[in-house]
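[1] sequence unknown, structure follows:
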């Protein structure tokens, strides 16, 4: 884990206190990804910073029944 107090804006909104992690894989050792997770929602944004150029963003979501 890199941080628990990040802020990120995505097409679905603005999120505070986001958890940021750095992820690597022994199957693709040159690939480094940063992922940002919002509490109660999950993955909001992911992007490759080494070994690729992929990017993911949360575009929409709906609240489940409680």
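    Structure received. If you're wondering where the values come from, they're calculated on a predicted model, not measured in any experiment.
[2] From here on, just use CA atoms for contacts and neighbour counts.
    Fine.
[3] From the contact counts, what lies against the lengthiest strand in the chain?
    Selection of the longest strand in the chain by residue count, based on DSSP state E, yields strand 13-25. Other helices and strands packing on strand 13-25, by 3 or more CA pairs under 8 Å, 6 or more residues apart in numbering; DSSP states H and E, are strand 3-10, strand 28-38.
[4] So which of the ones you listed has the densest surroundings on average?
    Among the helices and strands packed on strand 13-25, ranked by average contacts under mean count of other CA atoms under 10 Å, first place goes to strand 28-38 (a mean of 17).
[5] Can you name the residues in contact with that one?
    Strand 28-38 is contacted by residues 8, 15-25, 43-52 when judged by CA atoms under 8 Å, 6 or more residues apart in numbering.
[6] hang on, the earlier thing: between the longest strand of the chain and strand 28-38, how many degrees?
    Interaxial angle, strand 13-25 versus strand 28-38 (axes from the mean of the first three to the mean of the last three CA atoms, to 10 degrees): 160 degrees.
[7] Give me the mean pLDDT for strand 13-25.
    Averaging pLDDT along strand 13-25 gives 91.
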